[in-house]
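Peer 1: Coordinates for the following, if possible.
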Amino acid sequence: MNSKKLHPESLMMSYGYKPELSEGAIKCPIFQTSTFVFKNAQEGKAFFELAYGLRDKGENEEMGLIYSRLNNPDLEILEQRLTLWDKADDCAVFESGMAAISTTLLAFLSPGDLLLYSNPTYGGTDHFIKHVLTKFGVHIVPFDANASKESIQKTINESGHGDALAMIYIETPANPTNALIDIEMCHEISKEYSTDDKKVILTVDNTYMGPIWQHPMDQGADLVLYSATKYIGGHSDVIAGAVLGNSTDMAAIKGMRTFLGNQTSPNTAWLLMRSLETLKLRMDKQEANAKAVADFLLNHDKVERTYYLGHLAEGSAQAAIFKKQCLGTGGMVSFDIKGGEKEAFQFLNALKLIKLAVSLGGTESLAEHPASMTHAGIDPEERLKHSVSDQLVRISVGVEHPDDIIADITQAFNA
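Peer 2: Numbers count the residues shown, from 1 in each chain. Below you'll find the model as predicted:
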């Protein structure tokens, strides 16, 4: 049987792992070691030549194990499996989503470069862009989710740094409003501003959709980012991040990761491999549950508006983007409760089955108040501009029975 023809969910059980190299163990062991023994000095030299890019790999030559900051069996097998969903050449896994994001930005941005990024975006990303990158002389320009191609180009040109555009960074769907950015349109812009000497990198944070519901590289993205803490980990028990892309771009990211030292540990890699085996099962259930929850909220007398990909107005620009690039409606539902922070807090405090906590994509349903929690560090005016108001509540829908989730929401509304 040709493994390349199998579906990714089938390959998650064994791809990249050779039991004969690990005493026949059906599952990959945890290689809890800092360093690896070379057979001889010549082998050590050959491994380091490849690790530091001193020569190209020979035919059928594999990168040998050196030191767990560079490579580790758990890390390598996990990265191989993650490439399957997005059909990427290579993957790099990190100790957190923010480690993946910051390493990627640092790998491709230099003083004087321009970064174009979408709004709204995750609070940690927003802070790193505005308060860290700018310290290193990187120019930044935001654009809104509903901006047209022409208006984005105008924004770039009016920045005075259009010829220095180095990266377009987008988060789609946006956290916490599910606002969609047209990936294909951003790819067109990146091509138009690229030169023979410098390619404009299009980076997409795909955390909200996970590897199942959207494949940005099919729409022209160069790099795909995940907070692997979320759907990939899926059990609220690990912190991790991942970046995927072509071999050339990933070599730059892995090189930066080597010297920042923020690769994930063997234990975390092992836990993520375990989670990948049920990734599609979990996400299919979460999508079905989210639809039931969103449909319940849609016409509820205590709800002013829902933010859900399954409720996009037919014929709207957002619906057109959804049909073009999304493969599912996701597991995230946000809504405006009638009232303000007081009513939102009353609702959140009354929940029992759904837990009041940040993060998303876990097996349990979680609810939070973005304006005062995950997006608290964003300027208040900017939050309101992007519908992150005091009345907004975000729910990450889990795998519980949908009737029980809805019953909990009902009693919280009644409270």
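Peer 1: Quickly note the distance from the closest residue in space to Tyr307 that isn't next to it in sequence to Ile77.
Peer 2: Nearest non-adjacent residue to Tyr307, counting by C-beta to C-beta, 6 or more residues apart in numbering: Ser334, 4.0 Å away. No exception for glycine: its C-beta is placed from N, CA and C like everyone else's. Computed with C-beta to C-beta, to the nearest Å, the distance linking Ser334 and Ile77 is 36 Å.
Peer 1: Same check on Thr103?
Peer 2: Counting by C-beta to C-beta, the gap from Thr103 to Ile77 is 21 Å.
Peer 1: swap in Gln153?
Peer 2: 43 Å.
Peer 1: the more surrounded of Thr103 and Ile77?
Peer 2: A count of neighbours by other C-beta atoms under 10 Å puts Thr103 above the other of Thr103 and Ile77, at 24 against 20.
Peer 1: Could I get the buried residue list for the lowest-mean-pLDDT helix or strand in the chain?
Peer 2: Sorted by mean pLDDT, DSSP states H and E, the helices and strands of the chain end with helix 380-385, the least confident at a mean of 88. Using 16 or more other C-beta atoms under 10 Å as the test for burial, helix 380-385 gives Arg383.
Peer 1: Over to stretch 108-123?
Peer 2: 108-109, 113-123.
Peer 1: do stretch 314-331 as well
Peer 2: Going by 16+ other C-beta under 10 Å, stretch 314-331 has these buried residues: 318, 321-322, 325-326, 328-331.
Peer 1: again, but for stretch 183-201
Peer 2: 183, 185-187, 189-190, 193, 199-201.
Peer 1: May I ask which two of the residues you listed are separated the most?
Peer 2: Met185 and Lys199 (17.6 Å; C-beta to C-beta).
Peer 1: so what are the domain limits for the protein?
Peer 2: Here the domain parsing of the chain from automatic domain parsing is 68-276, 279-414.
Peer 1: Now do the contacts for the closest residue to Leu109 other than its chain neighbours.
Peer 2: For Leu109, ignoring the flanking residues on the chain, the nearest one in space by C-beta to C-beta, 6+ apart is Val138 at 5.0 Å. Shown in contact with Val138 (C-beta atoms under 8 Å, 6 or more residues apart in numbering): 109-115.
Peer 1: now, which of these sits nearest Gly261?
Peer 2: Using C-beta to C-beta, the contacts of Val138 come closest to Gly261 at Leu109, 19.7 Å.
Peer 1: next SSE after the one helix or strand the residue nearest to Tyr307 maps to?
Peer 2: Following DSSP states H and E, one finds Ser334 within strand 332-337. Heading C-terminal from strand 332-337, the first helix or strand you meet, by DSSP H and E, is helix 341-350.
Peer 1: quick one: that next one to strand 332-337, angle?
Peer 2: Counting by axes from the mean of the first three to the mean of the last three C-alpha atoms, to 10 degrees, helix 341-350 lies at 130 degrees to strand 332-337.
Peer 1: Now do the following helix or strand past helix 341-350: distance to the chain's middle.
Peer 2: Going down the chain from helix 341-350, the next helix or strand is strand 355-356, by DSSP H and E. Mean-position distance between strand 355-356 and its chain equals 22 Å (C-alpha atoms, centre = their mean, to the nearest Å).
Peer 1: In the sheet, which strands lie alongside strand 355-356, parallel or antiparallel?
Peer 2: strand 366-368 (parallel) (DSSP bridges).
Peer 1: what comes into contact with the partner strand?
Peer 2: Contacts for strand 366-368 (C-beta under 8 Å, 6+ apart): 348, 351, 354-360, 374, 393-396, 398.
Peer 1: just stretch 256-263 next, same as before
Peer 2: 68-70, 75, 92-96, 99, 103, 106-107.
Peer 1: Please work out the average pLDDT along stretch 28-44.
Peer 2: Mean pLDDT, stretch 28-44: 95.
Peer 1: Offset the numbering so it begins at 564, please.
Peer 2: That works, and once the first residue is 564, the last one we named lands at stretch 591-607.
Peer 1: what's the first-to-last distance across it?
Peer 2: 24 Å (C-alpha to C-alpha, to the nearest Å).
Peer 1: Likewise for stretch 951-962?
Peer 2: First-to-last residue span, stretch 951-962, C-alpha to C-alpha: 26 Å.
Peer 1: Now do the same for the strand or helix carrying Ile816: mean pLDDT, whole number.
Peer 2: Using DSSP H and E, Ile816 sits in helix 810-823. Mean per-residue pLDDT for helix 810-823: 95.
Peer 1: With only the CA atoms kept, save that helix in CSV.
Peer 2: Extracted C-alpha coordinates of helix 810-823, given in CSV (Å, rounded to 0.1, in the frame of the first residue of the first chain):
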residue,chain,number,x,y,z
SER,A,810,12.2,23.9,2.6
THR,A,811,14.0,27.2,2.0
ASP,A,812,11.8,29.3,4.4
MET,A,813,11.8,26.6,7.0
ALA,A,814,15.6,26.4,7.0
ALA,A,815,15.7,30.1,8.0
ILE,A,816,13.1,29.5,10.8
LYS,A,817,14.9,26.4,12.1
GLY,A,818,18.2,28.2,12.0
MET,A,819,16.7,31.0,14.1
ARG,A,820,15.1,28.4,16.5
THR,A,821,18.5,26.7,17.0
PHE,A,822,20.0,29.9,18.4
LEU,A,823,16.9,31.0,20.3
